[in-house]
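Peer 1: Fold the stuff below for me.
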Amino acid sequence: MDVSESRDESQVAVISDDVVVLRRWSRSDAEFIAEACNDPAIQRYSSPALSIGEAAELIESFGRKWTGFVESGNPTGVAFAVVDAASGELAGLCGVDEWSTAGVAQIGYWLAAAARRRGFATRAVVLLTGWLFQLGAARVFLTVVSENVDSIAVARGAGFTYEGTLRSHGVWQGSRRDVDVFGALPDEWAARGGI
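Peer 2: Numbers count the residues shown, from 1 in each chain. Below you'll find the model as predicted:
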């Protein structure tokens, strides 16, 4: 994994394993986000439908989160574009939902329909998790609606450990759902190596 990260906002953080590249979002990516977020599969568990204008505002908020990270060292809200390294095509999003004062990071991810079933989400989660451990995270976790078998496969494939089910924990699409928790610890992560 190549990590080029400085705490200088003028230099973009780029993380790559030569199959997937994680990079900052740019204004020109708004159409991709809007189109992807109008996919019912993404709306089912994650992002609401967005117009191109709303997607552009979201990208602006990602930029503000990067600025906050540069200033504070807290990566809460930092989001990466997931890119196919071979083609340069955008594939999805992964990012840090929250970084607690205890150094615990919660992450999330989604892929556009055309990028699924190619291992990109698993690789993106591995890259993001490695980056967070390099930043000093004591723990990285993610939560998945229990019926979302594809996302559970990503968590397991990335090397996360299933830690349990929080019954009736979340509300999606107006219904209360069980949520599975998956976690990774730095010593386990280092021992397991890459994908």
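
Peer 1: Mind naming the longest helix for this protein?
Peer 2: Taking DSSP state H as the criterion, the chain has its longest helix at helix 52-72.

Peer 1: Need the residues that contact that one.
Peer 2: 7-9, 13, 24-27, 29-34, 37, 50, 74-79, 95 (CB atoms under 8 Å, 6 or more residues apart in numbering). C-betas here are computed from N, CA, C, even on glycine.

Peer 1: Narrow those to those in helices?
Peer 2: Counting by DSSP H, these contribute 30-34, 37 to helices.

Peer 1: What subset of those is buried?
Peer 2: Buried members of the ones in helices among the contacts of helix 52-72, scored by 16 or more other CB atoms under 10 Å, are 30, 32-34, 37.

Peer 1: List the buried residues for stretch 88-102?
Peer 2: In stretch 88-102, counting by 16+ other CB under 10 Å, buried: 90-96, 99.

Peer 1: Now do the strands in the protein.
Peer 2: Applying DSSP state E to the chain gives strands spanning 2-4, 14-16, 20-23, 79-84, 90-99, 104-111, 139-145, 161-172, 175-184.

Peer 1: Could you export those strands as TSV, including distance to residue 123 and mean pLDDT?
Peer 2: Conversion of the strands of the chain to TSV gives the following (distance: least, CB to CB, whole Å; pLDDT from 0 to 100):
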stretch	distance to residue 123	mean pLDDT
strand 2-4	13	42
strand 14-16	10	93
strand 20-23	4	97
strand 79-84	8	97
strand 90-99	10	97
strand 104-111	11	96
strand 139-145	15	96
strand 161-172	19	89
strand 175-184	15	93
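
Peer 1: Turn those into TSV, columns for distance to residue 58.
Peer 2: Formatted as TSV, the strands of the chain follow (distance: least, CB to CB, whole Å):
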stretch	distance to residue 58
strand 2-4	24
strand 14-16	20
strand 20-23	16
strand 79-84	9
strand 90-99	10
strand 104-111	13
strand 139-145	20
strand 161-172	20
strand 175-184	24
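
Peer 1: Tell me which of those lies nearest to residue 126.
Peer 2: With CB to CB, the closest approach to residue 126 among the strands of the chain belongs to strand 20-23: 8.8 Å.

Peer 1: Pick out the residue nearest the middle of the chain.
Peer 2: residue 94 (2.0 Å; CA atoms, centre = their mean).

Peer 1: Identify the nearest residue to residue 148 in space, disregarding sequence-adjacent positions?
Peer 2: Excluding the flanking residues, the one nearest residue 148 by CB to CB, 6 or more residues apart in numbering is residue 45, at 5.2 Å.
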